[in-house]
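> Sequence plus predicted model, see below.
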Amino acid sequence: MPELVAVTGATGFIGKVLVQKLIQSGWKVRALTRSKESSCSESIQWIHGDLDNTVALRHLVDGVAFVVHCAATVRGDSFSKFEHINVEGTRNLLYAITEQDKWPRFLLISSLAARNPELSWYAGSKYLCEQLLTGYSGLLSTIFRPTAVYGPGDKELKPLFQAMQRGVLPVIGGIHNRFGLLHVYDLVAAIQAWLASDQSINGIFELDDGTPGGYSYQGLSVLAQRVWKRPVYCITIPNFLIRSIALSNLWLARLLHYSPMLTPGKVNELQHSDWVCNNEPLTSILPTWRPNIRLQDVLSEVI
């Protein structure tokens, strides 16, 4: 009988792909959702609620063998917004887990941004999520820190790729800054390898697509030109301009009550010079996992 996996963030970009792949692989899934219209089946049981709903969280983790915590917010106009969802939500989930007699294995999908928590509210909140796990010595927990994830359903990187197709690559920061990319299918494959592993895996592991030295803006433009056989020009956005836009967006968000993506903190993240990962610690402990998808192979698909 397949073991039961609990998933938070199951209706989000990464979670949706994860749930589909788990079901296809024969896993039984119990997933948290805020939608009342999600229908259950033999393969998936939907639990209505969110990370504030302690009753729903207890139902979610009751008797499961694994918990994969994908839920988080990447948008907000204050640190308190990120802290409430990302940090307090994780604390609520961990409390529900530790109320059980038998604790499941726990996987936190964090972010490479947590490597530099001082850069943004988001990065700081993800770092604090990771720190929560240090208070649960009896919990078999693992932290994945993927770099920028793209693929089917992605709404954050897709506009960048679309701009590249139109011949323009906006540059925020140095044109030679390095960053990693990771296709969502490779991230989900790493999660599945973690689920299938017989050993306890503790620690923090970075993930990207394994491109040596990562990517740069200039490298992306060359890659896109090679794929589409036409020029792609790097256009550097002046620092004062992008920061003015980000600050204006932040104040407008507070005035009009929406959750902004582009904030001064996000600019700090985008301008950081090194977002390249080292996959070796993870591949050494999960030898069945290797990233298989490179951007040049799927660039036309992701737009």
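Cool, the structure landed.

> and the closest residue to R115 other than its chain neighbours, how many neighbours does it have?
Leaving aside its sequence neighbours, R115 sits nearest to R145 (Cβ to Cβ, 6 or more residues apart in numbering; 6.8 Å). Any C-beta I mention is one placed from the backbone N, CA and C, and that applies to glycine too. Residues near R145, counting by other Cβ atoms under 10 Å, number 21.

> ditto for P117
Residues lying near P117 (other Cβ under 10 Å) number 17.

> Next: the one 3 residues further on.
Here the count is done by other Cβ under 10 Å, and S120 has 23 residues near it.

> Equivalent analysis for S273, please.
Neighbour count of S273, defined by other Cβ under 10 Å: 11.

> measure it to G76 for me?
S273 is 25 Å from G76, where distance means Cβ to Cβ, to the nearest Å.

> For the residue lying closest to L295 once chain neighbours are set aside, give me its contacts.
Closest residue to L295 apart from its sequence neighbours, by Cβ to Cβ, 6+ apart: L181 at 5.7 Å. Neighbour list for L181: T147, A148, V149, Y150, L157, D208, D209, T211, G214, Y215, L295 [criterion: Cβ atoms under 8 Å, 6 or more residues apart in numbering].

> now with 10 Å?
The neighbours of L181, taking Cβ atoms under 10 Å, 6 or more residues apart in numbering as the test, are 146-150, 157, 208-209, 211, 214-215, 220, 275, 277, 291, 293-295.

> Please narrow these to those residing in strands.
P146, A148, V149, Y150, W275 (DSSP state E).

> ranking the residues you listed by neighbours, who comes first?
V149 leads these on contacts (other Cβ under 10 Å) with 25 neighbours.

> My read is that that one contacts K158, right?
No - at 11.6 Å, V149 does not count as touching K158 under the criterion of Cβ atoms under 10 Å.

> So, low pLDDT: which residues of the stretch 1-150 of the chain?
1-2, 37-38 (pLDDT under 70).

> In it, what residue spans correspond to strands?
Secondary structure of the stretch 1-150 of the chain (DSSP state E, counting those that start in this stretch): strands located at 4-8, 28-33, 44-48, 66-69, 105-109, 141-146, 148-150.

> Let me have these in TSV, adding distance to T283 as columns.
As requested, the strands of the stretch 1-150 of the chain are exported to TSV (distance: least, Cβ to Cβ, whole Å):
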stretch	distance to T283
strand 4-8	22
strand 28-33	26
strand 44-48	30
strand 66-69	19
strand 105-109	17
strand 141-146	13
strand 148-150	18
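
> for the ones in strands among the contacts of L181, which one is nearest G9?
V149 (12.4 Å; Cβ to Cβ).

> Let me know how buried K21 is, in neighbour terms.
Each residue near K21 was counted by other Cβ under 10 Å, and the total is 16.

> hang on, it packs against S43?
No - between K21 and S43 there is no contact under Cβ under 10 Å: 11.9 Å.

> Could you pull out the helices in the protein for me?
With helices called from DSSP state H, the chain shows them at 13-24, 54-61, 79-82, 89-98, 121-132, 158-165, 184-196, 217-228, 239-256, 264-271, 280-285, 295-302.

> closest one to A113 among those?
Minimum separation from A113 across the helices of the chain (Cβ to Cβ) falls at helix 121-132, 3.8 Å.

> Show me what the mean pLDDT comes to for stretch 200-219.
The pLDDT scores in stretch 200-219 average 95.

> now swap in stretch 187-196 and tell me
Stretch 187-196 comes out with an average pLDDT of 97.

> Centre of the chain to it, how far?
In terms of Cα atoms, centre = their mean, to the nearest Å, the centre of stretch 187-196 is found 14 Å from the chain centre.

> for it, which positions count as buried?
Neighbour counts using 16 or more other Cβ atoms under 10 Å place L187, V188, A189, A190, I191, Q192, A193, W194, L195 of stretch 187-196 among the buried residues.

> Also stretch 275-285?
Buried residues in stretch 275-285 (16+ other Cβ under 10 Å): W275, V276, C277, N279, L282, T283, I285.

> Equivalent analysis for stretch 113-126, please.
Quick answer for stretch 113-126 (16+ other Cβ under 10 Å): 113-117, 119-126.
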